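J.: Below are the sequence and a predicted model; questions follow.
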Amino acid sequence: MGKEYSDTTSAKYIAYLENLRSHDEVLQTDYISGMNSSGSDDWHLILDYVVGYSNIVFLIMGTIGNLLIIIISSRQKTRPFTKLFIVSEAVWDLAILLLSSIRYAYNSLYSIEIRNHNLAMCKSHSFLTYFFNDISSWVLMILSIERFLLLKYPTNSKLKSLTVKHASVITVILLGLSFVKNFLHFLSVYDETDKICIIYSLEIQVVISYVDLVFNAIIPFIGVAMSTIGTLILLRIHNQKLSENVSNSSRTSSAVQVLKMVLAISIYNFITAIPQTILSIILSSEIFNYDEAKLEITFLFFRLSLLFYISNNAIKFYLYIFVSTSYRKMLLYILKFSANKIEDFTTKISVVMK
């Protein structure tokens with residue numbers, strides 16, 4: 001049995017985890033001392049490479065994928081209310097990838113924490129990361145709930161009459177709520193002693209962690225989970241048909257395609273959110289004392305669960321392509337159209353050069 005640590009120590013360890021400090025740096029602090037090297041340097045190095053290069057891959061995949069979502073979804077014949085949320089979700093996901101994946105890659109491969117560059121970076125990066133993460137989680141929850149309600153109440157006139165204006169109002173409200181929830185990040189300070197970016201003090205940091213756990217993890221997780229499970233049950237009841245009023249429609253109808261798309265990303269989000277949510281609850285509740293072995297496991301699980309969860313922001317386009325026939329057709333059309341434009345341009349250049 002290794003050395004055990006107090007609640008203050010475990011809280012400090014959480015703060016270090018959230019600031020992406022390396023495991024070795026954490027163990028060398030005054031808060032967690034007396035732990036000798038366990039000879040696990042090799043797997044820490046491997047973990048850094050896995051996390052670093054995976055985030056580079058996610059950044060490339062997600063940038064291309066989310067831009068294509070914006071282009072394709074804008075051209076699709078989908079009801080405007082849903083279209084705006086699908087497009088906005090791609091925008092928030094792209095912002096998260098640019099903020100988070102670059103940060104994680106730099107930290108893992110070069111041991112550079114960009115939040116610690118200066119106080120302005122500490123404040124702005126912390127705020128924007130949580131701001132966009134909240135919006136992305138809430139928009140996905142709204143999409144999941146909307147699809148479930150349309151399936152549950154297919155003849156409801158109020159649901160059918162939702163427009164871009166309604167979606168815009170909801171988006172503005174979500175942006176406002178996210179700002180109110182996360183404005184405390186502007187109170188962040190850079191701790192020169194421990195070299196971490198925290199919100200004013202460790203005590204406030206812990207409170208913010210609890211608030212973030214509820215609003216960014218538990219509520220969206222429950223909303224997406226219940227909507228997804230409800231949708232699957234309704235599909236089973238209706239023999240995988242949307243409802244009586246569309247039961248005779250083609251399997252490639254717009255309603256069916258959007259349902260498949262939202263269902264796919266909701267299921268993926270549900271699965272990938274499980275490890276991160278469980279870990280967040282365990283760390284926040286401090287249900288067990290930390291010893292050497294548990295610190296090692298916590299560090300490993302934290303890094304991998306975070307990597308698993310951030311893949312949500314990069315993979316949605318590829319899930320859309322996999323489940324939606326209309327999305328694949330639109331992608332092929334855009335690629336063919338672009339190829340023709342490039343061919344015409346090169347032909348004109350050749351003529352000019354002659």
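T.: Structure's in. What do you need? Numbers count the residues shown, from 1 in each chain.
J.: In this protein, what residue spans correspond to helices?
T.: 7-18, 23-27, 41-75, 80-96, 102-110, 119-152, 157-160, 164-182, 202-212, 219-237, 254-285, 292-310, 312-323, 325-353 (DSSP state H).
J.: So residue 111 versus residue 306, what's the distance?
T.: 17 Å (Cβ to Cβ, to the nearest Å). From N, CA and C alone the C-beta is placed, and that goes for glycine too.
J.: Compare these two (neighbour count), which wins?
T.: residue 306 (19 against 13; other Cβ atoms under 10 Å).
J.: need the contact list for the more buried one.
T.: Going by Cβ atoms under 8 Å, 6 or more residues apart in numbering, residue 306 touches 104, 276.
J.: swap in residue 308?
T.: Counted by Cβ under 8 Å, 6+ apart, residue 308 has contacts 272, 275, 276.
J.: who wins for neighbours among those residues?
T.: Most surrounded of these: other Cβ under 10 Å gives residue 276, at 21 neighbours.
J.: Could you tell me how far it is located from residue 140?
T.: 14 Å.
J.: cool, residue 67 as well?
T.: Counting by Cβ to Cβ - residue 67 and residue 140 are separated by 19 Å.
J.: Which of the residues in stretch 220-231 are classified as buried?
T.: 220, 221, 223, 224, 225, 227, 228, 230, 231 (16 or more other Cβ atoms under 10 Å).
J.: List the residues that contact the fourth one.
T.: Right, the one you point to is residue 224. Counted by Cβ under 8 Å, 6+ apart, residue 224 has contacts 140, 141, 144, 266, 269, 270, 273.
J.: Can you pick out the most distant pair from these?
T.: 144 and 273 (12.2 Å; Cβ to Cβ).
J.: Which one of the two is surrounded by more residues?
T.: The neighbour count for residue 144 versus residue 273, taken as other Cβ under 10 Å, is higher for residue 144 (26 against 22).
J.: I figured the more buried one hits residue 264, correct?
T.: No - with contact defined as Cβ atoms under 8 Å, residue 144 does not reach residue 264; the gap is 11.1 Å.
J.: follow-up on the earlier one: nearest to residue 177, of the buried residues of stretch 220-231?
T.: Closest to residue 177, out of all of these and judged by Cβ to Cβ, is residue 220, at 12.7 Å.
J.: quick one: pLDDT of the residue nearest to that closest one when sequence neighbours are not counted?
T.: Nearest non-adjacent residue to residue 220, counting by Cβ to Cβ, 6 or more residues apart in numbering: residue 137, 4.0 Å away. On pLDDT, residue 137 comes in at 90.
J.: tally of neighbours for residue 137?
T.: The burial count for residue 137: 25, using other Cβ under 10 Å.
J.: on that earlier part again, let's have the helices of the chain in a markdown table, adding distance to residue 196.
T.: Output for the helices of the chain, formatted as a markdown table (distance: least, Cβ to Cβ, whole Å):
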| stretch | distance to residue 196 |
| --- | --- |
| helix 7-18 | 6 |
| helix 23-27 | 10 |
| helix 41-75 | 18 |
| helix 80-96 | 21 |
| helix 102-110 | 12 |
| helix 119-152 | 9 |
| helix 157-160 | 47 |
| helix 164-182 | 18 |
| helix 202-212 | 9 |
| helix 219-237 | 27 |
| helix 254-285 | 16 |
| helix 292-310 | 15 |
| helix 312-323 | 24 |
| helix 325-353 | 43 |
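J.: Can you flag the weakest of the ones you listed by average pLDDT?
T.: Among the helices of the chain, helix 23-27 carries the lowest mean pLDDT (a mean of 39).
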